[in-house]
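> what follows is a predicted protein model with its sequence.
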Amino acid sequence: MLSDEELIRSFKHGDKAAFEAFVHRYHSPLLGFLQRMLHDTEKAEDLVQETFIRIIRYVQKGQPPAKIRPWIYQVALNLCRDYWKSAGYRAERKGLEQIPEQRDPRPSVIEIYERQEERQAIIRALDELPDIQKQIVILRFYQELKLQEISDTLHIPLGTVKTYLYRALQTLKSTLAEGKEGAPREQRMS
Amino acid sequence: MNKECLDRELEELERDLSESLSKYQVKPASASDTHRLLINLEEELDRDYTASSTFNEENALNRERPSLWRFCRSQLHICKWPLWIVSIAVFAMLTLISDPSRPSLLYIDQPFVHFVPLFVLIGALYHYQTWNKAMRLVEMITPYPPALLLYSRLLIVLAINLGLGLISTFYWAFRVEAFALHTFLLSWIAPALFLLGVLAYVLFWKGIKTGFTVAFILWAALAAHPYLINDPVKWEALLVAGHVCLLIAGIGLLWLAYKRGLTQYRFNHLLLD
């Protein structure tokens, strides 16, 4: 399979189809990343489109970077940061209770409920982390980036990535374990 | 905490949490979502193309020629662990059932000599079948001819088999005293290279199915021909000469196939530019 760098190089040299292939490859991963960063599917779809537009403009006018994968997440993350700073975000900010429901018609109602509970517990646990740690965990677990790629994406040293990831995972482990232990108690009380 | 300790603990934590975190699913992008996104991007793509048309014309002529090394590197992902396990198991079995210590003229009756070229062809066939799914979506719409990409996969299959075959051969060279290393190497490398050369060459001219048909028929003919000779001792020199010819023909056919792939690439380029 052609590498990302080869596709972007072909696109820069005038091959529009190479960019279409690149979109096919990265649409889903970017959408997943932005949904997890924003908790808002519609906004994530808008930002995915904006990310690709930025990439098109940059490739056409500038020199694409040597490593494409960290770069596209960097572009997407910068768009998130701009969005978080915007007045629109502050006005529209929704609480965790309004996290959109997972749409999966196949499993039973109980399964959906259980999954939804676990899912929301993970979202809450991730949101309790400092921003940088949350970003590292999402890039590592859901986007499957290597630690060096995360370092390139966030512009922080590799050692710092490891330290942050370590702290984040320890926090997540204890938060999720507490959640599991706490669940039966809560159920009993209700 | 020192570096190694941190790495180890990180790995452990990642393992512990991977199952829990995997439950955080989000809406995946469907094919129709991607199609809609591409339509939305169309305007942006067209605008930039109009604005930079001079750039495109200048650069289309200087577009990078595909190098075989780059092709092979981009296709290295085919070497997944099941392939290695199967290959190693087959070569181990062939090494154990063959017996080059037994006096055997030019090793014509050794299973290793017959089955390694066959295994090379089967490996190529396996990669042809899996090839469609992974490559077509991306590669069919780029200017690289799929046949050239498949050619690079054939070379990877050949390299894996040659590597494992050499390990087996050197194992015997150390274990068996009266072992004619050069003759034995020639007796399996020459047919393997020849058959792959035929496959690659016919693939570019007549298509993949014809390529495999011709290659498998030739394998059967090569496997049968030493037994058809009445007096192998009399024909010893001829057998060696035959293997040398096969080796030269194999390398030649592989080279011609590569040249043909490059011609196809240039032709596709002219059409696309």
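Right, received. Where do you want to start? Numbering: from 1, shown residues only, chains lettered A, B, ... in the order given.
> strands of chain A, start to end?
With DSSP state E as the definition, chain A shows no strands.
> output the lowest mean pLDDT helix or strand found in it.
helix A:87-92 (a mean of 64; mean pLDDT, DSSP states H and E).
> can you give me the pLDDT of the most centrally placed residue in chain A?
By C-alpha atoms, centre = their mean, the mean C-alpha position of chain A lies nearest to A:Phe33, the distance being 2.3 Å. What the model reports for A:Phe33 is a pLDDT of 93.
> next: B:Ser101.
Model confidence at B:Ser101 (pLDDT) stands at 71.
> stretch B:261-273 - what's its average pLDDT?
Here the average pLDDT along stretch B:261-273 is 61.
> strands along the stretch 101-250 of chain B, start to end?
Using DSSP state E, counting those that start in this stretch, no strands are found in the stretch 101-250 of chain B.
> and the helices in it?
Per DSSP state H, counting those that start in this stretch, the stretch 101-250 of chain B carries helices over the ranges B:111-139, B:146-175, B:181-206, B:208-228, B:236-272.
> I'd like the ones you listed as a markdown table, with mean neighbour count and distance to chain A appended.
C-beta coordinates here come from the backbone N, C-alpha and C atoms, glycine included. Formatted as a markdown table, these follow (neighbours: other C-beta atoms under 10 Å in any protein chain shown; distance: least, C-beta to the nearest C-beta, whole Å):
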| stretch | mean neighbour count | distance to chain A |
| --- | --- | --- |
| helix B:111-139 | 18 | 4 |
| helix B:146-175 | 18 | 9 |
| helix B:181-206 | 22 | 20 |
| helix B:208-228 | 15 | 19 |
| helix B:236-272 | 16 | 7 |
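> among those helices, which gets the worst mean confidence?
The bottom spot among the helices of the stretch 101-250 of chain B, by mean pLDDT, belongs to helix B:111-139, with a mean of 73.
> circling back: number of residues surrounding the closest residue to the residue nearest to the centre of chain A other than its chain neighbours?
Leaving aside its chain neighbours, A:Phe33 sits nearest to A:Gln143 (5.4 Å; criterion: C-beta to C-beta, 6 or more residues apart in numbering or on different chains). Neighbours of A:Gln143 under the rule other C-beta atoms under 10 Å in any protein chain shown: 18.
> separation between A:Gln143 and chain B?
Applying C-beta to the nearest C-beta, to the nearest Å, the value for A:Gln143 to chain B is 12 Å.
> quick check, pLDDT for that residue.
So, for A:Gln143, pLDDT stands at 90.
> my read: it touches A:Tyr73, true?
Yes: judged on C-beta atoms under 8 Å, A:Gln143 makes contact with A:Tyr73 at a distance of 6.6 Å.
> below-threshold pLDDT in chain A: ranges please.
Across chain A, the ranges flagged by pLDDT under 70 are A:1, A:87-115, A:180-190.
> make it 50
Within chain A, the segments meeting pLDDT under 50 span A:95-105, A:184-190.
> list the contacts for A:Thr175?
A:Arg124, A:Ala125, A:Glu128 (C-beta atoms under 8 Å, 6 or more residues apart in numbering or on different chains).
> so how far is chain B from the last one?
The reference is to A:Glu128. A:Glu128 is 14 Å from chain B, by C-beta to the nearest C-beta.
> just give me the neighbour total for that residue.
12.
> ok, now B:Gln25?
B:Gln25 is flanked by 16 other residues according to other C-beta under 10 Å.
> could I get the pLDDT score of it?
Value for B:Gln25, per-residue pLDDT: 84.
> that one against A:Ile122, yeah?
No: the criterion here is C-beta under 8 Å, and B:Gln25 misses it with A:Ile122 at 9.9 Å.
> now the residue nearest to A:Phe33: how far from A:Leu31?
11 Å (C-beta to C-beta, to the nearest Å).
> again, but for A:Val48
Counting by C-beta to C-beta, the gap from A:Val48 to A:Leu31 is 5 Å.
> out of the two, which sits in the busier spot?
A:Val48 (27 against 24).
> list the contacts for the more buried one?
Per C-beta under 8 Å, 6+ apart, neighbours of A:Val48: A:His27, A:Leu30, A:Leu31, A:Leu34, A:Ala76, B:Ala29, B:Leu37.
> and the helix or strand the last one falls within, C-alpha only, in CSV?
Under the criterion of DSSP states H and E, B:Leu37 resides in helix B:31-51. Written as CSV, here are the backbone C-alpha positions of helix B:31-51 (Å, rounded to 0.1, in the frame of the first residue of the first chain):
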residue,chain,number,x,y,z
ALA,B,31,-18.7,5.2,2.7
SER,B,32,-21.5,7.6,2.0
ASP,B,33,-20.1,10.1,4.6
THR,B,34,-16.7,10.0,2.9
HIS,B,35,-18.4,10.4,-0.5
ARG,B,36,-20.2,13.5,0.8
LEU,B,37,-17.0,14.9,2.3
LEU,B,38,-15.2,14.5,-1.0
ILE,B,39,-18.0,16.3,-2.8
ASN,B,40,-17.7,19.2,-0.2
LEU,B,41,-13.9,19.2,-0.8
GLU,B,42,-14.3,19.2,-4.5
GLU,B,43,-14.7,23.0,-4.7
GLU,B,44,-11.6,23.6,-2.7
LEU,B,45,-9.6,21.1,-4.7
ASP,B,46,-10.7,22.7,-8.0
ARG,B,47,-10.0,26.2,-6.9
ASP,B,48,-6.5,25.3,-5.9
TYR,B,49,-5.9,23.4,-9.1
THR,B,50,-7.0,26.4,-11.2
ALA,B,51,-4.8,28.7,-9.1
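> quick one: buried residues of it?
Going by neighbour count (16 or more other C-beta atoms under 10 Å in any protein chain shown), the buried part of helix B:31-51 is B:Asp33, B:Thr34, B:Leu37, B:Leu38, B:Leu41, B:Glu44, B:Leu45, B:Asp48.
> same check, this time on stretch B:2-19
B:Leu10, B:Leu13, B:Glu14, B:Leu17.
> isn't B:Arg6 right up against A:Arg167?
No Arg there; residue B:6 is Leu. No: assessed by C-beta under 8 Å, B:Leu6 is found out of contact with A:Arg167, at 10.8 Å.
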